[in-house]
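Visitor: Need the 3D shape of this:
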Amino acid sequence: MAAPNRDALSRIVDRRIALAREWDGLVEQVRQLGPQLGDFLRPPRAGSLLPAVGDGAAVLVNVTARRCDALVVTADGVRPVRLPDLTADEAGELAAEHLDRLAEVDRTAAELHLARDRVTRRADAATFQAHHAANLAAQRAQGELDRHLVTALRRLWDVVAEPVLATLPEPSRVWWCPTGPLNFLPLHAAGRHDRPGSSVLDRTVSSYTPTLRALARARPTGAEATEPGRMLVVAVPEAPDAPPLPQAADEAELIRALVPADQLTVLAGEEATRAAVLAALPAHRWAHFSCHGTPDDEHPSRGGLLLHDGRITVADVGRGRYHGEFAFLSACHTASGGIRMPDEVITLAAGLHHAGFRHVLATLWAVDADVARLLTETVFGALTTTGRFDPGGAAEAARAAVLALRATDPGRPSRWALFTHTGP
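Guide: Numbering: from 1, shown residues only. Here you go, the predicted model:
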């Protein structure tokens, strides 16, 4: 096919310039329609976003090959904090090794599940030996993950978290907004956890926010609904082609004991279908999911939750518009995104938050069944101390639960550093 000649190229350029001018004219017409549209398609003004942080601070960590900085946003303004000891190469290496360790844990866990299944179907010396070998491999992979996490959390504390927190009054509420490879690391758990007071968990209540605008939207306005809310519980103990989740039924029973029956909807087992869950979400201000989380590293919008008859994806929830206050994703990988687009916050947690759920608790990697059950019990217990469910303290409840888990096993951050809170 022949290349277009110079005259044809000139016509194409002229046409594009004309379309750009037409677009600018249409946008300007929209802005003249009223004061509420005066900033249509403009970047948000800093002054409109500063109130979102209240008495706390949002920390945008910028990682580039040239230099790394944190932008600390408070109600008083924006100030940079130089991070001279953080480099893009080191951040990338920490994230890459972390993801490799997670992949090995997931691989060996899957092999252990298959080995257990073979033992139940044919118990003989060969299947018992294979099960023993798979169990040792899974333990080794978990140990390697924890050893790397201890090192990574110390380094994140030294080069990012401690320099930032040193500029803030204590105690201070913090929202992290990392970029690049830091999106794959538990910045909220950075610290030297063998030293009292030398960690983010010890120093502050911290959360994540996809953007400052998202945090501003999630702030309570004073016009929230005052009528009793409803809790949706989705429990899938067994999904097709997936290991069983015995804790799913336990978590549902825990919530049944804390939330009045007339405020509760439970979709369990065969009732937990895609259609039923998507239809129920808009009518519930609170939701708890106990099921398998399935990430998609290549296409993160296809990741989601395994239900009885298929998967609810990030794209599915992102298309909805909800008036939710709280969503607890007791499932694996619900706060982790795709490796090809590290700067795009495409996760199930961010999708639900964007679609209208103010507080979202989620996980960065695979969660242990006993830990998931314990965290559910601790968080819901804290949020129902007044006799009614009050999700306003979700961030504080999540931090307290993680601190309790850390106290029982500080050398195994894979059990407690994965839990995140997104929201105000």
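Visitor: from here on, contacts and neighbour counts on C-alpha atoms
Guide: Will do.
Visitor: Could you count how many residues lie near Pro391?
Guide: Neighbourhood size, Pro391 [other C-alpha atoms under 10 Å]: 19.
Visitor: can you pull the contacts of it?
Guide: By C-alpha atoms under 8 Å, 6 or more residues apart in numbering, the contact list for Pro391 reads Glu325, Phe326, His359, Leu383.
Visitor: Kindly list the single helix or strand of the protein that scores lowest on mean pLDDT.
Guide: Counting by mean pLDDT, DSSP states H and E, the chain has its least confident helix or strand at helix 46-49, which shows a mean of 73.
Visitor: Return the set of buried residues in that helix.
Guide: Leu49 (16 or more other C-alpha atoms under 10 Å).
Visitor: Name the surrounding residues that touch it.
Guide: In contact with helix 46-49 (C-alpha under 8 Å, 6+ apart) are residues Leu212, Arg213, Ala216.
Visitor: quick revisit: which among the contacts of Pro391 gets closest to Leu94?
Guide: Nearest to Leu94, judged by C-alpha to C-alpha, of these is His359 at 28.6 Å.
Visitor: Settle this for me: that closest one is touching Ala398, isn't it.
Guide: No: the pair His359 / Ala398 is not scored as a contact, 10.9 Å apart, by C-alpha atoms under 8 Å.
Visitor: that older thread, which is the succeeding secondary structure element to the least confident helix or strand of the chain?
Guide: Note on helix 46-49: by DSSP states H and E, the next helix or strand toward the C-terminus is strand 57-63.
Visitor: Against which helices or strands is the helix or strand just after that next one packed?
Guide: Using DSSP H and E, the next helix or strand after strand 57-63 towards the C-terminus is strand 68-74. Counting contacts by 3 or more C-alpha pairs under 8 Å, 6 or more residues apart in numbering; DSSP states H and E, strand 68-74 is packed against strand 57-63, strand 77-82.
Visitor: Single out the most deeply packed of these.
Guide: Of all these, strand 57-63 carries the top mean neighbour count, a mean of 24, counting by mean count of other C-alpha atoms under 10 Å.
Visitor: Paired strands for it, with orientation please.
Guide: Sheet pairing of strand 57-63 (DSSP bridges) gives strand 68-74 (antiparallel), strand 174-178 (parallel).
Visitor: Between the ones you listed, which one is closest to His353.
Guide: Using C-alpha to C-alpha, the strands paired with strand 57-63 put strand 174-178 closest to His353, at 14.4 Å.
Visitor: Can I get that closest one in CSV, CA atoms only?
Guide: The C-alpha trace of strand 174-178 is given here as CSV (Å, rounded to 0.1, in the frame of the first residue of the first chain):
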residue,chain,number,x,y,z
VAL,A,174,-2.2,9.3,56.6
TRP,A,175,-3.5,8.2,53.2
TRP,A,176,-0.9,6.6,50.9
CYS,A,177,-1.0,7.1,47.1
PRO,A,178,2.0,5.2,45.7
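Visitor: follow-up on the earlier one: let me know which of the strands paired with strand 57-63 is tucked in deepest.
Guide: Sort the strands paired with strand 57-63 by mean neighbour count, taking mean count of other C-alpha under 10 Å, and strand 174-178 sits at the top with a mean of 25.
Visitor: And the average pLDDT for it is what?
Guide: Mean pLDDT, computed over strand 174-178, is 96.
Visitor: so how far is that strand off the chain centroid?
Guide: Centre-to-centre, strand 174-178 and its host chain are 12 Å apart (C-alpha atoms, centre = their mean, to the nearest Å).
Visitor: picking that back up, could you dump the helices and strands packed on strand 68-74 to CSV with mean pLDDT and distance to Gly411?
Guide: Output for these, formatted as CSV (pLDDT from 0 to 100; distance: least, C-alpha to C-alpha, whole Å):
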stretch, mean pLDDT, distance to Gly411
strand 57-63, 95, 27
strand 77-82, 93, 30
